[in-house]
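Participant: what follows is a predicted protein model with its sequence.
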Amino acid sequence: MKKLLTSLFVIVVCSMCALWAQQTADRAAALREMNLGDQNFIQGEYYSALKNYQTVAAQMEQLGLTTDSLYYSSWNMIGRCYFRTEQYDAAIDATQRGIRIYLESRDSTSLQYAMMLDNISFYYLHAHRNEEADKANTKARDIYYSKMTNDADMKATLIHGAEIKDALGLYEDAISLQKHGASLQAKLYGEHNKLYLSELDYLKRYYEHAGKSEEAEKVNEEIEKIKHEMEYGYVPVLTDFDIA
């Protein structure tokens, strides 16, 4: 009897090991598909990338790995592909699904969650669902403010928030968020680049929408100054040392 039980135990363990090995191999295949999708996305082949990410999602469901990071990431990227192909409602639906999956087993105060909220807020904006956009972006900003990462993702969330506030006619809020976002842009990458000039141009626009022509003109002067320096060169401000 003991020998029989031992044999059964060995068979069960071997079966479990074989199943685990097969599942690991299948996940590796899904990861390769995910990487292929990323390559297609970077190259601007959004429809091809969409098929890759949809394949990953289906594979993870078949494997029962619906709490795996690959699963919610695939839905997040499906949303990004729909957005890039101007299918905004589909982008929202896919990203909402990714967010639901994420929150089933992960922290609602994480930077990953904030990034997904920012993504969907931008999709809402393009779908002209501005109130929903504002609600999602506000949640994302609250997370970034609590952690004060001051990184490129926080910058993107701020400038998206400014665009949403402008669409809602809340121009003072738009100006405040855009100024913060532009300052992070300058801190991260410097002032003498096209991206910073673009953020200043948005700031000028929000001042104009608020009827603040003098402030808008000052921003425009700063834009022209930086353009001139980019074309003809500039000398950084020298540090004034108090002691030798």
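Facilitator: Here it is on my side, so go on. Residues are numbered from 1 along each chain as shown.
Participant: determine the three-state secondary structure at residue 192.
Facilitator: coil (DSSP: H, G, I helix; E, B strand; the rest coil).
Participant: any idea how far the residue nearest to it when sequence neighbours are not counted is from residue 217?
Facilitator: Spatial nearest neighbour of residue 192, chain neighbours left out: residue 230 (5.2 Å); criterion: Cβ to Cβ, 6 or more residues apart in numbering. (Glycine included, C-beta is placed from N, CA and C.) Distance of residue 230 to residue 217, given as Cβ to Cβ, to the nearest Å: 20 Å.
Participant: quick one: which helix or strand includes the closest residue to residue 152 other than its chain neighbours?
Facilitator: Using Cβ to Cβ, 6+ apart and skipping the chain neighbours, the partner closest in space to residue 152 is residue 188 (6.2 Å). Using DSSP states H and E, residue 188 sits within helix 171-189.
Participant: pLDDT of that helix, averaged?
Facilitator: For helix 171-189, mean pLDDT is 97.
Participant: which residues does that helix contact?
Facilitator: Outside helix 171-189, the residues within contact range by Cβ atoms under 8 Å, 6 or more residues apart in numbering are 141, 150-152, 154-156, 158-159, 161-163, 165-166, 195-196, 199-200, 202-203, 206-207, 209-210, 212.
Participant: are any of those residues buried, and which?
Facilitator: 141, 154-156, 158-159, 161-163, 165-166, 196, 199-200, 202-203, 206-207, 210, 212 (16 or more other Cβ atoms under 10 Å).
Participant: what packs against whichever strand or helix holds residue 222?
Facilitator: Assigned by DSSP H and E, residue 222 belongs to helix 213-232. Other elements packing on helix 213-232 under the criterion 3 or more Cβ pairs under 8 Å, 6 or more residues apart in numbering; DSSP states H and E are helix 194-209.
Participant: same for the helix it packs on, what does it pack against?
Facilitator: Where contact means 3+ Cβ pairs under 8 Å, 6+ apart, helix 194-209 is packed against helix 152-167, helix 171-189, helix 213-232.
Participant: could you give the angle of it to helix 213-232?
Facilitator: 160 degrees (axes from the mean of the first three to the mean of the last three Cα atoms, to 10 degrees).
Participant: low-scoring stretches of the chain, by residue?
Facilitator: Scanning the chain for pLDDT under 70 picks out 1-25, 235-244.
Participant: spatially central residue in it, please.
Facilitator: With distances taken as Cα atoms, centre = their mean, residue 115 lies nearest the centre of the chain, 4.3 Å away.
Participant: secondary structure element holding that residue?
Facilitator: Assigned by DSSP H and E, residue 115 falls in helix 111-126.
Participant: immediately after that helix, which helix or strand?
Facilitator: Using DSSP H and E, the helix or strand that follows helix 111-126 in sequence is helix 130-147.
Participant: how about that next one: buried residues?
Facilitator: 130, 132, 133, 134, 136, 137, 139, 140, 141, 143, 144.
Participant: between those, which sits nearest residue 105?
Facilitator: Checking the buried residues of helix 130-147 against residue 105 by Cβ to Cβ gives residue 143 as the nearest, at 17.8 Å.
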